[in-house]
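Participant: sequence first, predicted model second:
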Amino acid sequence: MKSFRVLLLLLALSTATVWAQAPAPSQSDSAPTSEPPAIKSFDVSAMDLTADPCTDFYQYACGNWMKSNPVPADQVIWARSFSELIERNRYLLWQELDAAAKNPQTPLQRQYGDFYAACMDTDAVEKLGLAPIRSSWSEIDRLKGVKGIPALLGRLDNQGTPDGFFNFYVSVDEKNSSNQIAELRQGGLSLPDRDYYIVDNKHFAAIRDQYVGHMKKMFTLAGDSPEQAAREAAAVMEIETAMAKASISRTDLRDPDKRYHIYTLVELSSLAPDFDWNAYFRGIGIGHFDTLNVATPDYFKALNGMLSSEPLAAWKSYLRWHVLHGQAAYLPKAFFDENFEFFQHTLGGQQEPEARWKQCTSLTDRALGEAVGQDWVKQNFPPAAKDSMDKLVAALEKALGEDIQGLPWMTDQTKKAAEQKLAMIRNKIGYPEKWRDYSSVKVSRTALIQNTHHVAVYDRNYNYAKLGKPPDEKEWDMTPPTVNAYYEPSFNDINFPAGILQPPFFDFKADPAVNFGGIGVVIGHEMTHGFDDEGSKYDGKGNLREWQSPEDRKAFTERTECIAHEYDGFLAAPATADAPAQYLNGHLTLGENTADNGGLRIAYQALLDTLAQEGKSIDEKIDGFTEAQRYFIGFAQVWCQNTKDAAARRYAIIDPHSPGKWRVNGTVQNFDRFGEAFGCKKGQPMYPVNACRVW
Ligand SMILES: [Zn+2]
């Protein structure tokens with residue numbers, strides 16, 4: 001289990017952010033036919049030149065693209081830069097996996113080739129049926145009483161089987177970033193968020209009914225009688241609803257102070273005395289520790305109460321469900337289809353599953369990413385790209401330094417502290433210096449589920465081995481082909497996988513305006529995360545420690561509240577007959593919006609500096625647009641997207657990032673240079689009289 005504090009550029013566009021929720025490999029299997037072309041970084045044909053950039057800049061920059069690029073049947077979001085590049089990178093990765101599966105040249109290629117081949121072997125999946133999960137179900141059947149649950153969870157964990165209940169892992173101590181400690185956090189739900197269980201309206205009530213119906217079908221497919229399946233589904237719903245009620249909100253979880261509670265083992269035992277923690281920790285085989293972070297104490301207190309209020313039979317149903325649901329994507333077609341129907345189609349609006357080769361490529365990347373990535377970067381990341389990135393990052397660092405110097409609201413003493421933190425940000429570009437060693441992971445060519453179990457146990461043991469040690473600063477949380485980037489507050493570092501250092505984000509051949517609008521804003525976004533409402537609570541060493549003076553923190557919070565209030569008013573999905581209008585959650589998205597606003601501003605400053613060095617002007621025209629206009633259009637075209645209504649609703653609840661439209665219109669309307677570049681009149685929507693600004 002990975003750390004939860006990483007601040008991404010975007011949530012994974014698929015439904016998966018962690019292994020246990022990995023999206024399903026589909027049952028259809030048509031090999032890809034041709035390599036998707038490189039994506040243009042600045043494309044006039046994507047624009048709607050009939051729209052007024054001062055009224056709706058997103059429509060102006062993306063209108064034609066949106067009209068001619070509906071969401072494909074196997075997706076729920078289709079984004080001009082992200083989705084097209086994800087598809088291209090995945091195709092290039094598939095070529096490598098397919099070749100390795102047919103004719104491996106190295107032991108590493110044999111390993112990931114076999115993993116991919118096992119995933120593609122749907123005949124073997126059908127033949128195995130439910131056999132790969134039967135032993136876990138037998139363990140659950142043998143449970144004699146609630147007291148035996150902790151030891152049982154340990155046994156399931158050792159088999160690599162998903163089991164619900166909560167999250168437990170090792171991560172950096174937020175107040176002592178040179179050490180790694182154990183952490184317990186709420187979890188145990190199957191639906192995407194606690195809101196799905198507890199919000200009282202027609203829309204969510206209908207989803208809850210459909211979820212219970214889905215569980216009944218899955219249990220019936222697995223051989224239960226209809227009556228038994230109905231009883232089990234009702235029990236799972238009751239337990240998960242109680243867990244949802246005991247969970248804190250996603251927005252509260254973003255606040256580091258609300259998720260840091262150091263407990264001794266004795267204190268943990270009095271918080272939740274009916275759960276035998278010693279048996280659990282012994283069972284999972286983690287090393288000795290005396291204290292840990294209980295991120296969400298109230299959850300564990302409530303869980304303790306549930307242990308005596310819920311009967312044993314209900315807990316057995318709950319565990320059986322998590323074993324089945326957690327692996328439904330790797331089971332025979334009947335289970336796969338039913339799982340797809342509810343979790344992807346009903347909840348996300350996806351019309352059909354992705355082709356099997358796509359899903360198996362993504363699955364192999366998630367499972368053995370630093371194995372496949374080694375070969376991928378050799379083909380797809382020229383060494384010269386790293387030098388160019390180093391220069392861009394340096395330009396952005398300088399611009400953020402100038403920005404801090406010029407801030408109207410910050411005292412000199414706090415400016416100095418901010419500059420110190422900025423100077424300590426480390427950069428990781430492309431891929432790890434040292435690759436992870438997967439040699440202990442057993443991979444079979446015919447057993448998909450067993451392979452996923454072996455990887456899950458490997459990942460878990462890899463994580464547990466960190467207990468009590470300083471963190472490895474060279475480690476990556478993303479695989480090399482990933483189209484994304486992140487800032488890690490406890491490391492105070494920014495990370496750019498090779499996958500995003502490609503056109504249209506980063507293009508050797510494009511003019512500086514377009515590169516600064518693309519990858520430049522991405523770099524600025526990640527740097528600004530170090531100074532958003534969450535990241536700003538950590539110092540340069542990655543410790544949760546206040547470095548702003550009280551008056552500066554107050555001025556900072558007034559400014560972030562301006563952003564939160566502004567984005568609260570942005571619509572994510574309009575009202576329908578069955579569902580109310582869904583607006584963005586200004587506080588859930590505050591860190592990302594602050595990073596977007598800062599990123600756009602400092603990348604512009606870095607562009608000005610770069611043009612000045614080259615003796616060029618921001619008003620110079622190329623193909624009819626000034627450099628300033630090309631910068632903003634290039635930026636906006638990174639975010640052109642179409643989204644299924646159901647997915648837009650889901651993302652508004654679970655995704656800390658705003659949708660493309662508001663990443664564009666929300667930021668440009670807060671930055672006067674935009675209105676000036678397009679000759680807008682003060683008071684027009686994209687050039688308002690009162691704008692919000694933090695950095
Ligand atoms: Zn971000």
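Facilitator: Perfect, thanks for sending it.
Participant: helix or strand: which one has residue 684?
Facilitator: Using DSSP states H and E, residue 684 sits within no helix or strand.
Participant: got a list of what the residue sitting furthest away from the middle of the chain touches?
Facilitator: Each residue of the chain has a distance to the centre, and by Cα atoms, centre = their mean the biggest one is for residue 615: 40.7 Å. By Cβ atoms under 8 Å, 6 or more residues apart in numbering, no residues touch residue 615. Glycine gets a C-beta too; all of them are placed from N, C-alpha and C.
Participant: where does the stretch 351-500 of the chain come near the ion, residue by residue?
Facilitator: In this structure, the stretch 351-500 of the chain does not approach the ion anywhere, judged by Cβ under 5 Å from the ion.
Participant: mind listing the strands in the stretch 351-500 of the chain by residue range?
Facilitator: With DSSP state E, counting those that start in this stretch as the criterion, the stretch 351-500 of the chain has strands at 426-430, 486-488, 493-497.
Participant: list of residues touching the second one?
Facilitator: Strand 486-488 is contacted by residues 3, 5-9, 477-478, 493-495, 526-527, 529-530, 535, 542, 595 when judged by Cβ under 8 Å, 6+ apart.
Participant: starting from the one helix or strand in the chain whose mean pLDDT sits lowest, tell me which strands it pairs with and how they run.
Facilitator: Ranked by mean pLDDT, DSSP states H and E, the helix or strand of the chain with the weakest confidence is strand 7-8, at a mean of 78. When pairs are called by DSSP bridges, strand 7-8 turns out to pair with strand 486-488 (antiparallel).
Participant: quick one: buried residues of the partner strand?
Facilitator: Buried residues in strand 486-488, counted by 16 or more other Cβ atoms under 10 Å: 486-488.
Participant: can you list those residues in a markdown table and add pLDDT and distance to residue 221?
Facilitator: Below are the buried residues of strand 486-488 laid out as a markdown table (pLDDT from 0 to 100; distance: Cβ to Cβ, whole Å):
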| residue | pLDDT | distance to residue 221 |
| --- | --- | --- |
| 486 | 96 | 38 |
| 487 | 97 | 43 |
| 488 | 96 | 41 |
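Participant: where is the longest strand in the chain?
Facilitator: Longest strand in the chain, counting residues (DSSP state E): strand 176-186.
Participant: in that strand, what counts as buried?
Facilitator: For strand 176-186, a neighbour-count test (16+ other Cβ under 10 Å) marks 177, 180-186 as buried.
Participant: how about it as CSV, C-alpha atoms only?
Facilitator: Output of strand 176-186 as CSV, limited to C-alpha atoms (Å, rounded to 0.1, in the frame of the first residue of the first chain):
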residue,chain,number,x,y,z
ASN,A,176,10.0,13.1,11.5
SER,A,177,10.5,12.7,7.8
SER,A,178,13.8,10.8,8.3
ASN,A,179,11.8,7.8,9.7
GLN,A,180,9.1,5.5,8.4
ILE,A,181,6.3,4.3,10.7
ALA,A,182,3.3,2.1,10.6
GLU,A,183,-0.1,3.7,9.8
LEU,A,184,-3.7,2.6,10.1
ARG,A,185,-6.4,4.4,8.1
GLN,A,186,-10.1,4.0,7.4
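Participant: ok, it: who's next to it in the sheet?
Facilitator: Strand 176-186 has these partner strands in its sheet, going by DSSP bridges: strand 166-173 (antiparallel), strand 291-294 (parallel).
Participant: how far out from the middle of the chain is the shortest one?
Facilitator: Once both centres are worked out by Cα atoms, centre = their mean, to the nearest Å, strand 291-294 turns out to sit 24 Å from its chain's centre.
Participant: residues in contact with that strand?
Facilitator: Contacts of strand 291-294 (Cβ under 8 Å, 6+ apart): 173-174, 181-184, 259-265, 268, 271, 300.
Participant: the stretch 501-650 of the chain against the ion: which residues are in contact?
Facilitator: Counting by Cβ under 5 Å from the ion, the stretch 501-650 of the chain comes close to the ion at 592, 595.
Participant: do a quick rundown of the helices in the stretch 501-650 of the chain.
Facilitator: Along the stretch 501-650 of the chain, the segments classed as helices by DSSP state H, counting those that start in this stretch run 512-515, 521-529, 550-568, 590-613, 627-638, 645-654.
Participant: so which elements touch the longest one?
Facilitator: Using 3 or more Cβ pairs under 8 Å, 6 or more residues apart in numbering; DSSP states H and E as the contact criterion, the elements in contact with helix 590-613 are strand 7-8, helix 383-405, helix 512-515, helix 521-529, helix 550-568, helix 627-638, helix 660-668.
Participant: check residue 284 and give its pLDDT.
Facilitator: If you check residue 284, the pLDDT there is 97.
Participant: ok, now residue 17?
Facilitator: So residue 17 comes in at 31 (pLDDT).
Participant: same check on residue 25?
Facilitator: Value for residue 25, per-residue pLDDT: 44.
Participant: and residue 119, by the same measure?
Facilitator: If you check residue 119, the pLDDT there is 98.
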